[in-house]
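1. dropping the sequence and predicted coords here.
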Amino acid sequence: MNAETGKTALITGASSGIGQELAKLFAKDGYNLVLVARSDDKLDRLGEVFKNNYGTEQVTVIGKDLSSEDAAQDVYNQVKAKGITVDVLVNDAGVGLYGLFATDTDWEREKAMIHLNVLTLTQMTKLFLYDMLARNEGKILNLASLLSITPSPLMAVYAGTKAYVYNFTQSLANELKDTNVSITALLPNATDTDFFNKAGAENTKVTDEVQDPVMVAKAGYDALMAGKSKIVPGGLKNKSYEVMAYVAPQEALASLMRNKMEQKPDPKAEEESSTIAWGIGIGIAVLAGVALGLAYANTNALDRARYRYKAKSFGDSISDTLSSVFDNVVDSVVDAYKTTKAKAGAVINESEEELEEEVVA
Ligand SMILES: NC(=O)c1ccc[n+]([C@@H]2O[C@H](COP(=O)([O-])OP(=O)(O)OC[C@H]3O[C@@H](n4cnc5c(N)ncnc54)[C@H](OP(=O)(O)O)[C@@H]3O)[C@@H](O)[C@H]2O)c1
């Protein structure tokens, strides 16, 4: 016998990622489901899977673009018209958008994101919370983020929407504390879903550290059931991020997040830049060689040896590879110097080894 047979959970964003994993947990626990997202075909298939695998009795699918005007009111009206009582509301649907705010990102997408992440979530909460309070029973889970508590350059508007969700949820948690209705904010770190691809952030460094959506959903589900006001999934590591976010200066957090949100180095570009570095290195070596050659031609034997020694040290300090290039250049310069002297009828008495020994001593 399932634990919660007869109760209904409404989950927005159930067609993929964290929302889909949350829907699975409710289905396993015997909840009837109202699944909301734009991809109603995916939601229909999911409903069939839940009926077959977990014996879910009722699955209602609402295909809706939740970034459209009055989307929340329309979903609420549809639920009411079907005579469904929503015992648990999960506001999961959300999108991000990557890029520099001033020059890269598109206002229409930002406006739709604010509508979905903020306006619809707020109105859904208002409509269903009112009914929950009238029954003095119910639970709400809102998808915030660890970005709710840190600035996030390159995802500035998204981070702003999630800061709103977290703050709003904590305020309501206080307003509801003497009731039998609870509200919980889920603050995941970067999670392995389609989120970053859709946001245009698929190649950022932060995607190297993503966590499992199954774990995130389970942590959120458990916290919701326990009536906690917030949960940061992912153990000590993410807990320490949270603590750091509360104590570190905002400027430092913004720099840290900027670094994480930067694009990963492109391997092709790296190859090109190393070729350019080689070119620059060789150019420097040639110029230094010419300068040494000129000095070499106008000084005595001891100083000549010093120049050669310094040239070698300089080469070593650039890098081992560059150093060997440099030595070759110096050797060429020495050869050129000898040829020039020979043409001018001058005699060089010291061997190069002798000169080197003299300098080192
Ligand atoms: N992944 C992360 O790193 C991460 C971290 C912290 C918080 N979060 C939050 O977790 C939530 C779920 O994200 P996810 O990672 O699971 O991403 P996801 O796999 O892309 O899922 C997003 C869900 O939202 C729905 N959705 C998007 N736009 C919609 C719209 N206009 N109308 C209706 N539904 C819409 C999508 O369904 P359709 O496309 O079918 O409409 C999908 O079901 C979001 O609120 C996100 O901000 C994610």
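-> Cool, the structure landed. Numbering: from 1, shown residues only.

2. find the residue closest to the residue nearest the centre of the chain in space, skipping its chain neighbours.
-> Geometric centre of the chain, nearest residue: Val206, 3.3 Å, by C-alpha atoms, centre = their mean. Leaving aside its sequence neighbours, Val206 sits nearest to Lys260 (C-beta to C-beta, 6 or more residues apart in numbering; 4.5 Å). The C-beta positions use only the backbone N, C-alpha and C, and glycine is treated the same way.

3. one more: Asp44?
-> Val61 (5.6 Å).

4. that neighbour: neighbouring residues, count only.
-> Around Val61 there are 21 other residues, counting by other C-beta atoms under 10 Å.

5. next, count neighbours for the residue nearest to Val206.
-> Lys260 has 18 nearby residues by other C-beta under 10 Å.

6. please apply the same query to Lys139.
-> 20.

7. make sure it is indeed in a strand.
-> Yes. Per DSSP: H, G, I helix; E, B strand; the rest coil, Lys139 lies within a strand segment.

8. I'd say the residue nearest to Val206 and Thr204 touch.
-> Yes. At 7.3 Å, Lys260 counts as touching Thr204 under the criterion of C-beta atoms under 8 Å.

9. so what sits against both of the two?
-> When C-beta atoms under 8 Å, 6 or more residues apart in numbering defines a contact, no residue borders Lys260 and Thr204 alike.

10. picking that back up, doesn't the residue nearest to Asp44 belong to a strand?
-> Yes. Applying three-state DSSP, one finds Val61 inside a strand.

11. ok, now how distant is it from the ligand?
-> 11 Å (C-beta to the nearest ligand atom, to the nearest Å).

12. now do the same contact list for that residue.
-> Leu35, Val36, Asp40, Leu43, Asp44, Gly47.

13. what is the end-to-end distance of stretch 197-204?
-> End-to-end distance of stretch 197-204 (C-alpha to C-alpha, to the nearest Å): 10 Å.

14. ok, it near the ligand or not?
-> Yes. Applying C-beta under 6 Å from any ligand atom, one finds stretch 197-204 in contact with the ligand at Lys198.

15. what about Gln20, how many neighbours?
-> Around Gln20 there are 21 residues (other C-beta under 10 Å).

16. contacting residues for the closest residue to it other than its chain neighbours?
-> Using C-beta to C-beta, 6+ apart and skipping the chain neighbours, the partner closest in space to Gln20 is Ala14 (5.8 Å). Ala14 sits next to Gln20, Leu22, Ala23, Leu33, Leu35, Val36, Ala37, Leu43, Leu46, Asp92 when contact means C-beta under 8 Å, 6+ apart.

17. and of those residues, the nearest to Asp266?
-> Gln20 (32.1 Å; C-beta to C-beta).

18. spatially, what comes nearest to Asp106 if we skip its sequence neighbours?
-> Using C-beta to C-beta, 6+ apart, the closest residue to Asp106 is Leu97 (7.7 Å).

19. what sits against the one you found?
-> Thr105, Asp106, Arg109, Glu110, Met113, Met155, Val157, Tyr158, Ala199, Gly200.

20. quick one, which of these are buried?
-> Thr105, Arg109, Glu110, Met113, Met155, Val157, Tyr158, Ala199, Gly200 (16 or more other C-beta atoms under 10 Å).

21. how far away is the second one from Val157?
-> If I follow you right, that is Arg109. 9 Å (C-beta to C-beta, to the nearest Å).

22. swap in the last one?
-> In this structure, Gly200 and Val157 are 13 Å apart, going by C-beta to C-beta.

23. same deal with the fourth one?
-> The span separating Met113 from Val157 equals 6 Å under the rule C-beta to C-beta.

24. list the ones among the contacts of Ala14 that fall in strands.
-> Residues of these located in strands (DSSP state E): Leu33, Leu35, Val36, Ala37.

25. ok, and the most crowded of those?
-> Counting by other C-beta under 10 Å, top hit in these: Val36 with 31 neighbours.

26. just to revisit the earlier point, ok so the residue nearest to Gln20 is a strand residue?
-> No. Counting by three-state DSSP, Ala14 is not part of a strand but coil.

27. and the pLDDT at it?
-> For Ala14, the model assigns a pLDDT of 98.

28. isn't there a helix covering the residue nearest to Asp106?
-> No. Under three-state DSSP, Leu97 falls outside any helix and is assigned coil.

29. that one and Ala190, how far apart?
-> For Leu97, the distance to Ala190 - C-beta to C-beta - is 15 Å.

30. just Lys51 next, same as before
-> 33 Å.

31. ok, now Thr60?
-> Thr60 is 32 Å from Ala190, by C-beta to C-beta.

32. more neighbours: the two, which one.
-> Ala190 (21 against 17).

33. correct me, but the more buried one touches Thr204?
-> No. Here Ala190 does not reach Thr204: they are 9.0 Å apart, not a contact under C-beta under 8 Å.

34. now do the shared contacts for these two.
-> Phe196.

35. was I right about Tyr98 contacting Phe195?
-> No. Using C-beta under 8 Å, Tyr98 is not in contact with Phe195; the gap is 10.5 Å.

36. neighbour count: these two, which is higher?
-> Looking at Tyr98 and Phe195 with other C-beta under 10 Å, you find the greater number of neighbours at Phe195, namely 23 against 20.

37. ok now do the more buried one, which residues does it touch?
-> Gly17, Val95, Gly96.

38. do Ala185 as well
-> With C-beta under 8 Å, 6+ apart, Ala185 has these contacts: Asn142, Ala144, Ser148, Val165, Tyr166, Thr169, Gln170, Ala173, Ser229, Lys230, Ile231.

39. closest to Val88 among these?
-> For the contacts of Ala185, the nearest to Val88 is Asn142 (12.0 Å; C-beta to C-beta).
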